[in-house]
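J.: Take a look and give me a structure for this.
(one chain, ligands or ions: 1)
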Amino acid sequence: MIIAVDGPAASGKGTIARALARHYGVPHLDTGLLYRAVAAQVLRLDLDPAIEADAVAACDFDDTLLADPGLRDDATGQIASIVSAHPLVRAALMQRQKKFAHQPGGAVLDGRDIGTVIAPDADAKLFVRATPMIRARRRHDELKSRGSAISYDQVLADIRTRDDRDSSRSTAPLVAAEDAMELDTSFLSIDAAVSRAIALVEGRT
Ligand code: C5P
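T.: Numbering: from 1, shown residues only. This next block holds a predicted model:
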């Protein structure tokens with residue numbers, strides 16, 4: 001069984017995807033980490049994320065980088081959204097995501113284009129939403145708990161910038177697949193959101 005979980009930053013898609021993977025006993029891939037790893041390489045090698053050839057050069061990263069907690073930073077997310085708009089970067093990361101999705105036994109993947117590009121054949125597709133203010137509040141709490149001094153207003157502005165960039169790019173924009181089931185987590189606890197996600201996947205809507 002392949003489950004695709006898409007949605008904007010801090011919508012709850014990662015938490016839901018991890019819980020679904022645990023529930024069904026299948027592996028999970030947070031595809032945002034791949035783009036964040038490219039961003040981290042861009043920073044490390046002092047490349048220009050807006051230049052496609054630079055961003056492509058940064059796609060050659062060591063997998064150990066994926067475990068680096070620094071990838072979760074707000075600044076890395078912003079650069080990830082710049083590099084991810086380049087078609088050649090998306091192409092460079094596509095095969096490993098498709099392979100992960102189509103491994104025997106199934107998988108859960110979360111990202112922006114899982115249901116539309118990586119696994120259009122997924123057995124269940126969720127599109128997870130929440131209001132920008134609520135997403136900013138969650139992300140701000142998370143960053144603060146990790147010691148960041150960033151303000152709520154800055155986090156909200158960054159979320160809006162990233163939403164605009166991710167939704168307006170021409171290759172694999174952030175958009176719900178036609179057959180995706182929508183899940184708004186704005187006013188749901190984590191437990192309630194996960195229960196709702198399982199109900200949707202099982203067709204108990
Ligand atoms: O999900 P996360 O916030 O970690 O993703 C970071 C950035 O990577 C997103 O803003 C988006 O631009 C990009 N991304 C993408 N396609 C995916 C996953 C992430 O373009 N499947």
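J.: Any stretches of this structure with poor pLDDT?
T.: 204-205 (pLDDT under 70).
J.: what helices or strands is the biggest helix by length in the chain leaning on?
T.: Secondary structure of the chain per DSSP state H: the longest helix is helix 152-168. Helices and strands touching helix 152-168, by 3 or more CB pairs under 8 Å, 6 or more residues apart in numbering; DSSP states H and E, are helix 74-83, helix 132-145. Every residue, glycine included, has its C-beta placed from N, CA and C.
J.: Residues of this structure that sit close to the ligand?
T.: Residues of the chain lying near the ligand by CB under 6 Å from any ligand atom: 9, 31-32, 35-36, 77, 80-81, 84, 111-113, 162, 166.
J.: Quick check: bridge partners of the residue positioned nearest the centre of the chain?
T.: Taking CA atoms, centre = their mean, the centroid of the chain lies closest to G111, which sits 3.2 Å from it. Using DSSP bridges, the beta-bridge partners of G111 come out as D6.
J.: which ones are touching it?
T.: Residues in contact with G111 (CB atoms under 8 Å, 6 or more residues apart in numbering) are V5, D6, D30, T31, G32, Q97, I118.
J.: Backbone torsions only: list them for the third one.
T.: Which is D30. Comment: the main-chain dihedrals of D30 come out as phi -90, psi 100, following degrees, to the nearest 10.
J.: Show me what secondary structure element comes after the longest helix of the chain.
T.: Moving toward the C-terminus from helix 152-168, the first helix or strand encountered (DSSP states H and E) is strand 181-184.
J.: Quick check: buried residues in the helix or strand just after that next one?
T.: In the C-terminal direction, the helix or strand that comes right after strand 181-184 (DSSP H and E) is helix 190-201. Across helix 190-201, burial judged by 16 or more other CB atoms under 10 Å covers A193, V194, R196, A197, L200, V201.
J.: Now stretch 42-62 - C-alpha only, PDB.
T.: What follows is stretch 42-62, C-alpha atoms only, in PDB (Å, rounded to 0.1, in the frame of the first residue of the first chain):
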ATOM      1  CA  VAL A  42      24.300  25.000  -1.400                       C
ATOM      2  CA  LEU A  43      25.100  26.800   1.900                       C
ATOM      3  CA  ARG A  44      28.100  24.700   2.600                       C
ATOM      4  CA  LEU A  45      29.600  25.100  -0.800                       C
ATOM      5  CA  ASP A  46      28.600  28.700  -1.000                       C
ATOM      6  CA  LEU A  47      26.600  28.200  -4.200                       C
ATOM      7  CA  ASP A  48      23.700  30.300  -5.500                       C
ATOM      8  CA  PRO A  49      20.400  28.600  -5.000                       C
ATOM      9  CA  ALA A  50      18.700  30.600  -7.700                       C
ATOM     10  CA  ILE A  51      21.100  29.300 -10.400                       C
ATOM     11  CA  GLU A  52      19.900  25.900 -11.600                       C
ATOM     12  CA  ALA A  53      23.400  24.500 -12.300                       C
ATOM     13  CA  ASP A  54      24.600  25.400  -8.800                       C
ATOM     14  CA  ALA A  55      21.500  23.800  -7.200                       C
ATOM     15  CA  VAL A  56      22.000  20.600  -9.400                       C
ATOM     16  CA  ALA A  57      25.600  20.400  -8.200                       C
ATOM     17  CA  ALA A  58      24.300  20.500  -4.600                       C
ATOM     18  CA  CYS A  59      22.200  17.400  -5.300                       C
ATOM     19  CA  ASP A  60      25.200  15.200  -4.800                       C
ATOM     20  CA  PHE A  61      25.000  14.900  -1.000                       C
ATOM     21  CA  ASP A  62      25.900  12.100   1.400                       C
END
